[in-house]
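Asker: Let's see this in three dimensions:
(one chain, ligands or ions: 2)
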Amino acid sequence: MDILVVGSGGREHALIKKLKESPSCGRIICAPGNGGIAAEAETADVKATDIQGMVALAKEKKVGLAVIAPDDPLVLGMADAMEEEGIPAFGPSRLAARLEGSKLFAKNLMKEHGIPTANFVSFDRSSEAAAYIRKNKKYPIVVKADGLALGKGVLICQDEQQALDAVASIMEEKRFGRSGDKIVVEEYLTGPEVSVLCLTDGKTIKPMVSSMDHKRAYNDDAGPNTGGMGTIAPNPYYTEEIAETCMQRIFLPTIRAMQELGCPFKGCLYFGLMLTEKGPYVIEYNCRFGDPETQVVLPLLEGDLVELMMACRNGTLDQVPMSIKPGAAACVVMASGGYPGKYATGLPITGLDAAGGCNGVSVVHAGTRLDRGKFYTAGGRVLGIVATGNSLQDALLTAYAATTQIQFPGRHFRQDIGRKAVRAK
Ligand code: AMP
Ligand code: GLY
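Answerer: Ligands and ions are numbered 1, 2, ... in the order given. I've put the predicted structure just below:
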C-alpha cells in the first residue's frame with residue numbers, strides 16, 4: 001500500500017521510519033517533507049495546510065492511506081476532506097480535532113465528564129478577564145489562548161501585572177491572531193509531567209509507552225520554551241498504578257465523551273498529564289503524535305504501524321496486536337544557534353553517516369534540506385539523535401556519544417536530557 005505522510009518535521013521522519021518496517025508499506029510520499037525524508041522517500045512540494053492541494057496529491061499518487069501528522073491540517077478538516085474523496089485517512093475529523101483546536105472545548109468536555117483537570121474560567125471579552133484577574137489573589141496563574149498558537153499560547157503568570165499583560169497581548173494585540181478571541185484562565189498545578197500517546201479507533205484505546213519532553217531551551221529547564229529539546233521513554237514517574245488510574249479516569253472517559261458527542265476520536269490522542277499530589281490531571285490534549293515524543297515512542301512500539309493506523313480508521317483496533325518493547329529510548333535534539341529565537345539556515349551538516357552508523361542510533365531529521373547529496377540546516381530544530389538501549393542510562397550514553405559526531409556551525413543541544421528521569425528511578 002502506498003502511503004502519503006503530511007508534514008515536515010522530526011515526528012514525520014520518525015513515522016516514516018516506522019511505517020517502512022511494515023510488510024504492507026509500499027511507496028511513501030511525504031509533503032512537504034525535509035532533507036532526511038527526501039533521502040528515503042518521495043517528497044512533494046505541497047504545504048501541510050493546503051487541504052485541496054494535499055487531496056489532489058493523494059489522488060494523483062493513488063495512495064491507500066493518508067497519515068496526517070500535524071495539528072493545523074487536522075483542525076482545518078484535512079482528514080474529512082481525504083475521506084470525502086475516498087482516501088482512507090489516519091487522523092481525527094475536524095470535529096474530533098477540537099480536543100486540541102479549542103482549549104475551551106477540551107476544558108468543558110473534561111468538566112462535564114469529571115475528568116481531572118485544573119479549575120478554570122473562560123472569557124471572550126478582555127475587560128471581563130481583566131476584572132477577574134484584579135480580584136484573583138493566587139499566583140502563579142495560567143492564561144491560555146483558546147486556539148492553536150504553535151505551542152506558544154500558554155502563559156504562566158507570576159503576578160497580577162503579568163496576567164493583565166497576558167490578557168492584553170492575547171485578546172487585544174492578538175498575538176496569536178483569532179486563536180486569542182477567547183481565553184481560558186486556570187489554576188496552576190505542580191508535579192512531574194508525562195506525555196502518553198494513545199492509538200484509538202474511537203472505541204478501543206491503546207496507550208503506547210509513556211514519555212517525558214524537555215521543553216526549555218537550556219540545561220536545568222532554564223531559558224525560553226521550545227518545541228521540545230529532547231525526550232525519553234518510558235517516563236519513570238508513570239507507574240503501572242498511575243497508568244491504570246489514567247485509563248479509568250482519563251483515557252476511557254475521554255473516548256466515551258467524544259463518542260457521545262457524535263464525533264468519535266480516531267487517530268493518535270496525546271494526553272499531556274501532570275502527576276499532582278491529588279493524582280493525574282490533564283494539562284492538555286493533542287490530536288496527533290507529539291514531536292519529539294514520537295521519536296522515542298515508536299522505536300519502543302511492537303506492532304505493525306500500517307495495520308494499526310488502518311485499524312484506527314476502520315474501527316478494528318481491538319483486533320490488531322500491539323505492545324510495548326522492553327528497554328528505553330532517548331532523543332537529543334540538536335538545534336540551530338539562536339533557536340528558539342532568530343537563527344541562520346543553510347549551514348552544512350557533517351558526520352551524519354558516522355552518527356547514524358553507531359549501534360542503536362537513528363538520526364531523525366527535523367529541519368534539514370538535501371541539496372546535491374549534501375545536507376544543510378533549514379530550521380530551528382535540526383536533528384533528533386535517537387538511541388535505544390536496555391536501560392535509560394544506556395540509551396542516553398549512546399545518543400550523546402553519537403551527537404559528538406555531528407557538526408554544524410552554532411549547533412546547540414541540552415546536555416541533561418533524561419537526567420531528572422534517571423534520578424527519579
Ligand atoms: P501546552 O502548550 O498546553 O503544552 O502547555 C505548555 C506547558 O505549560 C505545559 O507543558 C505545562 O508545563 C505548562 N502548563 C500548562 N497548563 C498548566 C497548569 N494549569 N499548571 C501548571 N503548568 C501548566
Ligand atoms: N512535544 C509537545 C508536542 O508535540 O506538543
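Asker: which one's the longest helix in the protein?
Answerer: Assignment by DSSP state H gives helix 392-403 as the longest helix of the chain.
Asker: where do the strands sit along the stretch 201-350 of the chain?
Answerer: Here the stretch 201-350 of the chain has its strands, by DSSP state E, counting those that start in this stretch, at 205-213, 216-218, 222-225, 230-233, 267-276, 279-286, 301-302, 323-324, 328-335.
Asker: After the last one, which helix or strand is next?
Answerer: Per DSSP states H and E, strand 328-335 leads on to helix 352-356 as the next helix or strand towards the C-terminus.
Asker: quick one: buried residues of that following helix?
Answerer: Buried residues in helix 352-356, counted by 16 or more other CB atoms under 10 Å: L352, A355, G356. All C-beta atoms are positioned from the backbone trio N, CA, C, and that covers glycine.
Asker: Equivalent analysis for stretch 411-423, please.
Answerer: R411, H412, F413, R414, D416, I417, G418, K420, A421.
Asker: OK, contacts around the closest residue to ligand 2 within the stretch 201-350 of the chain?
Answerer: Ranking the residues of the stretch 201-350 of the chain by distance to ligand 2 (CB to the nearest ligand atom) places G290 first, at 3.4 Å. For G290, the contact set (CB atoms under 8 Å, 6 or more residues apart in numbering) comprises R11, S195, L197, S211, D213, G228, Y270, V297.
Asker: still on that earlier bit, next secondary structure after the longest helix of the chain?
Answerer: Past helix 392-403, the next helix or strand by DSSP H and E is helix 419-424.
Asker: and that following helix, is it in reach of ligand 1?
Answerer: No - on the criterion CB under 6 Å from any ligand atom, helix 419-424 is out of touch with ligand 1, staying 13.5 Å away.
Asker: I would like the residues contacting that helix, please.
Answerer: P192, M212, I232, N235, P236, Y237, L392, Q393, L396.
Asker: and if we set it to 7 Å?
Answerer: Contact with helix 419-424 is made by M212, I232, N235, P236, Y237, L392, Q393, as judged by CB atoms under 7 Å, 6 or more residues apart in numbering.
Asker: before we move on, what about stretch 196-209?
Answerer: For stretch 196-209, the external contacting residues (CB under 7 Å, 6+ apart) are 210, 233-234, 246, 251-252, 255, 259, 264-266, 268-271, 273, 289-290, 293, 297, 300-301, 308, 311-312, 315-318, 322, 324.
Asker: can you do 6 Å?
Answerer: The contact list for stretch 196-209, computed with CB atoms under 6 Å, 6 or more residues apart in numbering, reads 210, 233-234, 251, 255, 264-266, 268-271, 293, 297, 300-301, 308, 312, 315, 317-318, 322, 324.
Asker: ditto for stretch 113-132
Answerer: Against stretch 113-132 from outside (CB under 6 Å, 6+ apart): 104, 107, 110, 164, 167, 171-172, 182-187, 189, 250, 253, 257, 281-282.
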